[in-house]
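Trainee: Test case, fold it:
(one chain, ligands or ions: 2)
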Amino acid sequence: MKDHSKESLPTAIQPQELISQPDIDQMCSALYQEGWAVLDNFLSGSFIHLMRGDLMALDQEEKFHKAGIGREQDFIRREDIRSDRICWLDDINDTQHLFMQMLDQLMTAVNRRLFLGMNHFEAMYAIYEPGQFYRKHMDSFKGQRNRIMTLVFYLNPNWSAEQGGELVLYPEEGDTPITTLLPKAGTVVAFLSEEFPHEVLPTHDTRYSVAVWFRIREGDIPI
Ligand code: OGA
Ligand code: MN
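Mentor: Ligands and ions are numbered 1, 2, ... in the order given. Have a look, this model is predicted:
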């Protein structure tokens with residue numbers, strides 16, 4: 001596997017330098033009070049640049065495939081529901097390694113504050129081409145305790161409202177959005193996966209993101 005990031009990644013970067021303690025505190029407080037959080041400038045411009053480079057290199061190597069709905073034997077392609085293409089992160093280079101170390105740190109901080117007992121995560125790059133979208137959906141169903149928390153990091157510098165591709169977050173009941181946000185570089189959104197339906201509105205420009213799910217893997221639960 002080719003390493004996409006070795007040359008450009010300063011070896012001195014530590015995961016704890018990627019995100020600030022005040023940002024972690026603010027995210028935890030909002031999650032505790034509302035069940036969701038949005039922060040701007042959560043990741044630095046230079047780290048976004050590395051992530052975006054990694055995503056684009058993987059796309060060049062044709063590592064992306066059409067997204068589907070459901071998992072394993074239930075997997076189906078439904079382009080009327082979602083039309084993006086995806087690539088799972090797999091700790092294959094320094095950029096992905098650093099990102100995953102950062103996620104570990106964040107998951108630990110959220111667990112401490114919210115007692116969620118999350119012990120595992122998965123992360124996926126997504127590309128939406130102009131005209132693509134993801135209709136209103138849930139990431140996990142009530143009581144399944146599969147995906148506990150969703151986070152989406154955006155990798156699009158200088159994104160403006162005319163470019164579309166907004167994420168719309170809804171309450172459990174009803175169609176009045178809680179918030180609508182542009183997929184701007186540095187922005188992160190986090191929410192409880194079983195509680196918030198959400199959708200990606202059609203984008204008018206190529207839109208890059210990383211979606212992460214913090215999970216509880218049965219068998220890893222401490223007794
Ligand atoms: C998803 C999703 C939101 C976004 O991948 O499940 O809802 O803003 N992504 O990319
Ligand atoms: Mn989703």
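Trainee: Please give the element, helix or strand, for residue 211.
Mentor: Counting by DSSP states H and E, the element that carries residue 211 is strand 207-215.
Trainee: I'd assumed residue 166 was in contact with residue 204.
Mentor: No: here residue 204 does not reach residue 166: they are 10.7 Å apart, not a contact under C-beta atoms under 8 Å. Using the backbone N, CA and C atoms, a C-beta is placed for each residue, glycine as well.
Trainee: Of those two, which one has the most company?
Mentor: Per other C-beta atoms under 10 Å, whichever of residue 204 and residue 166 has more neighbours is residue 166, with 20 against 12.
Trainee: tell me the contacts of that one?
Mentor: 180-183, 200-201 (C-beta atoms under 8 Å, 6 or more residues apart in numbering).
Trainee: rerun at 6 Å
Mentor: 180, 182, 201 (C-beta atoms under 6 Å, 6 or more residues apart in numbering).
Trainee: Then residue 191?
Mentor: If a contact means C-beta under 6 Å, 6+ apart, then residue 191 has 36, 150 as its contacts.
Trainee: mind checking how far it is from residue 150?
Mentor: 6 Å (C-beta to C-beta, to the nearest Å).
Trainee: ok, now residue 199?
Mentor: 13 Å.
Trainee: cool, residue 143 as well?
Mentor: Counting by C-beta to C-beta, the gap from residue 143 to residue 150 is 17 Å.
Trainee: Return the residues of this protein in contact with ligand 1.
Mentor: Proximity of the chain to ligand 1 is confined to 126, 134, 139, 152, 167, 183, 198, 200, 209, 211 under the rule C-beta under 6 Å from any ligand atom.
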